[in-house]
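>>> No sequence on hand, only this structure:
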């Protein structure tokens, strides 16, 4: 059995269970669901100090950043673009389960 975490945000009560939290804010009475997922990526630094990297799920598509945080922002943008399936021909890495 998993216990819910209770915390207060902006005067409202939130219940958290693993990767999501359900919040009921007292003032606006809006229920929000926050979902966070972990995405693996590979990165390295070039001689000029720039950070290059790619999402492990989409290894054909590299991006760069001035620092690691900037690179992460670009990788998040790539994930948003690629995961909705609107761009045809994007190659992905999959996973098989065999017995």
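Cool, got the structure. A quick note: this is a predicted structure, and the numbers were derived from the prediction, not measured. Numbers count the residues shown, from 1 in each chain.
>>> Where does the prediction get shaky in this protein?
Counting by pLDDT under 70, the low-confidence segments of the chain come to 1-35.
>>> where exactly do the helices run in it?
68-83 (DSSP state H).
>>> Domain ranges for it, per the record?
For the chain, automatic domain parsing gives the domain ranges 5-35, 41-83.
>>> How about the closest residue to residue 50 other than its chain neighbours: which residues does it bridge to?
Leaving aside its sequence neighbours, residue 50 sits nearest to residue 64 (CB to CB, 6 or more residues apart in numbering; 5.2 Å). The C-beta positions use only the backbone N, C-alpha and C, and glycine is treated the same way. As for beta bridges, residue 64 partners with residue 52 under DSSP bridges.
>>> neighbours around residue 64, how many?
If you count neighbours by other CB atoms under 10 Å, residue 64 ends up with 14.
>>> Look up how far residue 78 lies from it.
Using CB to CB, to the nearest Å, one gets 11 Å for the distance from residue 64 to residue 78.
>>> what about the strands in this protein?
For the chain, the strands defined by DSSP state E cover 5-9, 12-17, 20-24, 31-35, 41-45, 51-55, 62-65.
>>> still on that earlier bit, the residue nearest to residue 50 contacts residue 48, correct?
No - assessed by CB atoms under 8 Å, residue 64 is found out of contact with residue 48, at 10.0 Å.
>>> hang on, isn't residue 40 packed against residue 53?
No - assessed by CB under 8 Å, residue 40 is found out of contact with residue 53, at 10.7 Å.
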